[in-house]
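J.: got a predicted model here, sequence first, then my questions.
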There are 2 protein chains.
Amino acid sequence: MPARGDAQKVRDVGEAGLLELFRPFCDSRVGDDAALLGSTLPDHSVVITTDMLVEGVHFSPQTTAAEDVGWRAAAASLSDLAAMGGKPWGLVVAVGLQPETAVSWIEGVYRGFQECLKTYDTVLVGGDTVRSHCNVISVTALGQVPYNQAIYRHTAKPGDRVLITGAHGLSKAGLEILLQPELGVDLTEQEREMLHRAHQRPCPRLDVIPLLWQYTDRVCGMDSSDGLADAILQICHLSQVGCTIDWANFPLPASVEKVARVAQANPLDWVLYGGEDFELVLCLPDTAAIALQKQLPGSLIIGTITEGEGGINLPQGRAFQHFV
Amino acid sequence: MPARGDAQKVRDVGEAGLLELFRPFCDSRVGDDAALLGSTLPDHSVVITTDMLVEGVHFSPQTTAAEDVGWRAAAASLSDLAAMGGKPWGLVVAVGLQPETAVSWIEGVYRGFQECLKTYDTVLVGGDTVRSHCNVISVTALGQVPYNQAIYRHTAKPGDRVLITGAHGLSKAGLEILLQPELGVDLTEQEREMLHRAHQRPCPRLDVIPLLWQYTDRVCGMDSSDGLADAILQICHLSQVGCTIDWANFPLPASVEKVARVAQANPLDWVLYGGEDFELVLCLPDTAAIALQKQLPGSLIIGTITEGEGGINLPQGRAFQHFV
């Protein structure tokens, strides 16, 4: 439970007080039943995504400061927009708060949320704040995407190369050393800092989208928020294809290996199933993949899409399940 | 807690199972990171509203069947769109579920949700389902509104008439007889049915919007979801005006009076502060108000906007507060 000892609680300030608190973070008029955005850009569709984060399930005060909870909530939604090829347009956030929650905590959440939105040049346009039996944050993000540049999971074609936009397993390793700092004994200070940051301040890959269409007019993909293995499995399932991963050259970040070794875990598990790295997993024609890899530091071609649904040469078959 | 005794729990079906369950209720492709809507209509803005409903705070299995929880969640969001003058475009719903929640319960919620959307000619386009420590439903609704026909709370002018689109206090009286059926002893069967329905299946007044602009090019207003008194106070505060209510002819529905009498409550309190009637409270020029009242059965002019912020001749000053 966040900062129960603090002086001012949600129950002390009431809904009106929370609305006042929310106002400076919000870009549009607060006070109406709904918020107005403008019209869509010419030849653009609206893309919409909604995510719910629950205290004790998706974030914990032990590993995540209030500001980081806000940042991560925003980043997860912006990553979904990026995964669809969209440019952010505006977000709304509904927050359910236990009456004994510290006002400073929710203020920190809003602050981190706005910091992320500013970084990615978008705005909070509205919200709702209610009493709840557990602390919950629900974010809905709107974006815009040109008609012919929406990215789906079901359009991968045999021969496409599978490109990841960055390293995986970092968020998981970051979480582990936040929970048990002694697991980071072999890390340099810089590595430790980088892993903390990977977990606390993940970066949605909105920067990748404008680059994509220079090289191809067809991209399939999604983000790796639920794990890299899950992303590959989802794409293969929905595209009815298989995938051959180049395990010989598969990237295991040194920092992830160091932490996993001390934790007596398999670093490959963390890379494949850790989740929350918020990179993009893209399937695109060979020449486009090579060009993109050249332009995008940290990106890597890890495999090739093949005929035959489900034929994936994964070393393990497990995938992330929310409810188990 | 809803139907804990049922055979199948959320924890039994997992996220994949819930997604399967969700799919038939959703109008767009399920499986991508986000959903796509089209472009806005020419000269229309997007209007967006988000609401969170928590079990034990905003709904209770004692008074509300799963289907009604879903209907009410959809209706509340659609009412916010109506309050802004918008036409529904599409909704997303994020659901947080305790693992021991019965699958049949969430299925019922989706069913009621969709029933309401169908009734108002709109669709569910996406969602999220997560594990939670309390059952939570978060709805975000998108609508479209012509550039010059958005309805705000801050544009009431002295001389405007205050029109309500229907009766108030019904939802509160309905709730009371659901909690204590003996309070309905004086009701006819038809009244009882009507009050139950007012609470369980409230109707967002989307039907009012197309009528409005025949008579005026200026309307101020909001919905009465947080109570009729709250709506009047909000409008007066944000418009910096006062309001004179015609208390002599103020409507107290007979059915509300009957229940309140048995409950030894003041029926006026229920009408003013009960909330969740989801009517519209509109401020518009005299001739337009009279014309609209004539065209809209059940609507009534209840007062007049005056100079002088806050000068409201309310019999009582209390207003609904979420956190007290």
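T.: Alright, I've got the coordinates.
J.: please make it C-alpha for all contacts and neighbour counts, starting now.
T.: Will do.
J.: and the residue nearest to A:Tyr110 when sequence neighbours are not counted, what are its phi and psi?
T.: Leaving out its chain neighbours, the residue that sits closest to A:Tyr110 by CA to CA, 6 or more residues apart in numbering or on different chains is A:Gly70, at 5.9 Å. Backbone torsions of A:Gly70, given as degrees, to the nearest 10, read phi -60, psi -50.
J.: I'd say A:Gly70 and A:Trp105 touch.
T.: No - with contacts counted by CA atoms under 8 Å, A:Gly70 stays clear of A:Trp105, the gap being 10.1 Å.
J.: on that earlier part again, give me every residue that touches the residue nearest to A:Tyr110.
T.: A:Gly108, A:Val109, A:Tyr110, A:Arg111, A:Gly112, A:Phe113, A:Gln114 (CA atoms under 8 Å, 6 or more residues apart in numbering or on different chains).
J.: how about a cut-off of 7 Å?
T.: By CA atoms under 7 Å, 6 or more residues apart in numbering or on different chains, A:Gly70 lies in contact with A:Val109, A:Tyr110, A:Arg111, A:Gly112, A:Phe113.
J.: right, and the third one touches A:Glu67 too?
T.: Okay, so that is A:Arg111. Yes - with contact defined as CA atoms under 7 Å, A:Arg111 counts as touching A:Glu67 (6.0 Å).
J.: just give me the residue right at the centre of chain A.
T.: Centroid check for chain A by CA atoms, centre = their mean gives A:Ala76 as the closest residue, at 3.3 Å.
J.: name the element that residue belongs to?
T.: Using DSSP states H and E, A:Ala76 sits within helix A:66-83.
J.: so what are the domain limits for chain A?
T.: Domain segmentation of chain A under automatic domain parsing yields A:10-149, A:161-306.
J.: how far does the first one sit from its chain's centre?
T.: Relative to the chain's own centre, domain A:10-149 is displaced by 14 Å; criterion: CA atoms, centre = their mean, to the nearest Å.
J.: endpoints of that domain, how far apart?
T.: Start to finish, the residues bounding domain A:10-149 are 44 Å apart (CA to CA, to the nearest Å).
J.: any idea of the mean pLDDT for it?
T.: Per-residue pLDDT values across domain A:10-149 average out to 92.
J.: then the last one?
T.: Average pLDDT, domain A:161-306: 96.
J.: that one: how far from the chain's middle?
T.: What separates the centre of domain A:161-306 from the centre of its chain is 12 Å, taken as CA atoms, centre = their mean.
J.: for chain B, see how far away A:Ile232 is.
T.: A:Ile232 sits 13 Å away from chain B, going by CA to the nearest CA, to the nearest Å.
J.: how many neighbours does the residue nearest to A:Met222 when sequence neighbours are not counted have?
T.: Distances taken as CA to CA, 6+ apart place A:Ala83 nearest to A:Met222, at 4.6 Å, with adjacent residues excluded. Neighbour count for A:Ala83, taken as other CA atoms under 10 Å in any protein chain shown: 31.
J.: try A:Gln149
T.: A:Gln149 has 18 nearby residues by other CA under 10 Å.
J.: which ones are touching it?
T.: A:Gly85.
J.: one more time with 8 Å, if that's ok
T.: Counting by CA under 8 Å, 6+ apart, A:Gln149 touches A:Gly85, A:Asp217, A:Arg218.
J.: swap in A:Leu21?
T.: A:Leu21 touches A:Glu107, counting by CA under 8 Å, 6+ apart.
J.: quick check: buried residues in the helix or strand hosting it?
T.: Element membership for A:Leu21 (DSSP H and E) is helix A:10-22. Within helix A:10-22, the residues that count as buried by 16 or more other CA atoms under 10 Å in any protein chain shown are A:Val10, A:Arg11, A:Asp12, A:Val13, A:Gly14, A:Glu15, A:Leu18, A:Leu19, A:Leu21, A:Phe22.
J.: what is the helix or strand just after the helix holding A:Ala76 packed up against?
T.: Once the chain leaves helix A:66-83, the next helix or strand it forms, by DSSP H and E, is strand A:87-97. For strand A:87-97, the elements it packs on are helix A:66-83, strand A:124-131, strand A:136-146, strand B:44-54, judged by 3 or more CA pairs under 8 Å, 6 or more residues apart in numbering or on different chains; DSSP states H and E.
J.: what's the following helix or strand past strand A:87-97 packed up against?
T.: Per DSSP H and E, strand A:87-97 leads on to helix A:103-119 as the next helix or strand towards the C-terminus. Helix A:103-119 sits against helix A:10-22, helix A:66-83, with contacts defined as 3+ CA pairs under 8 Å, 6+ apart.
J.: 10 Å instead, please
T.: helix A:10-22, helix A:66-83, strand A:87-97, strand A:124-131 (3 or more CA pairs under 10 Å, 6 or more residues apart in numbering or on different chains; DSSP states H and E).
J.: could I get the longest one in PDB with only the CA atoms?
T.: Pointing back at helix A:66-83 there. What follows is helix A:66-83, C-alpha atoms only, in PDB (Å, rounded to 0.1, in the frame of the first residue of the first chain):
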ATOM      1  CA  ALA A  66       4.300   6.700  -7.800                       C
ATOM      2  CA  GLU A  67       5.900   8.700 -10.600                       C
ATOM      3  CA  ASP A  68       7.100   5.400 -12.200                       C
ATOM      4  CA  VAL A  69       3.600   3.900 -11.900                       C
ATOM      5  CA  GLY A  70       2.300   6.900 -13.900                       C
ATOM      6  CA  TRP A  71       5.100   6.800 -16.500                       C
ATOM      7  CA  ARG A  72       4.600   3.000 -17.000                       C
ATOM      8  CA  ALA A  73       0.900   3.300 -17.400                       C
ATOM      9  CA  ALA A  74       1.300   6.000 -20.000                       C
ATOM     10  CA  ALA A  75       4.100   4.100 -21.700                       C
ATOM     11  CA  ALA A  76       2.200   0.900 -22.000                       C
ATOM     12  CA  SER A  77      -0.700   2.600 -23.700                       C
ATOM     13  CA  LEU A  78       1.600   4.600 -26.000                       C
ATOM     14  CA  SER A  79       3.400   1.300 -26.900                       C
ATOM     15  CA  ASP A  80       0.000  -0.100 -28.000                       C
ATOM     16  CA  LEU A  81      -0.400   2.800 -30.300                       C
ATOM     17  CA  ALA A  82       3.100   2.400 -31.700                       C
ATOM     18  CA  ALA A  83       2.300  -1.300 -32.200                       C
END
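J.: that helix vs strand A:44-54, what angle?
T.: Using axes from the mean of the first three to the mean of the last three CA atoms, to 10 degrees, the direction of helix A:66-83 lies 140 degrees away from that of strand A:44-54.
J.: for helix A:66-83, list every residue counted as buried.
T.: By neighbour count on 16+ other CA under 10 Å, the buried set for helix A:66-83 is A:66-83.
J.: sorry, back to before: nearest to chain B among the buried residues of helix A:10-22?
T.: Lowest distance from chain B to the buried residues of helix A:10-22 (CA to the nearest CA) belongs to A:Gly14, with 4.7 Å.
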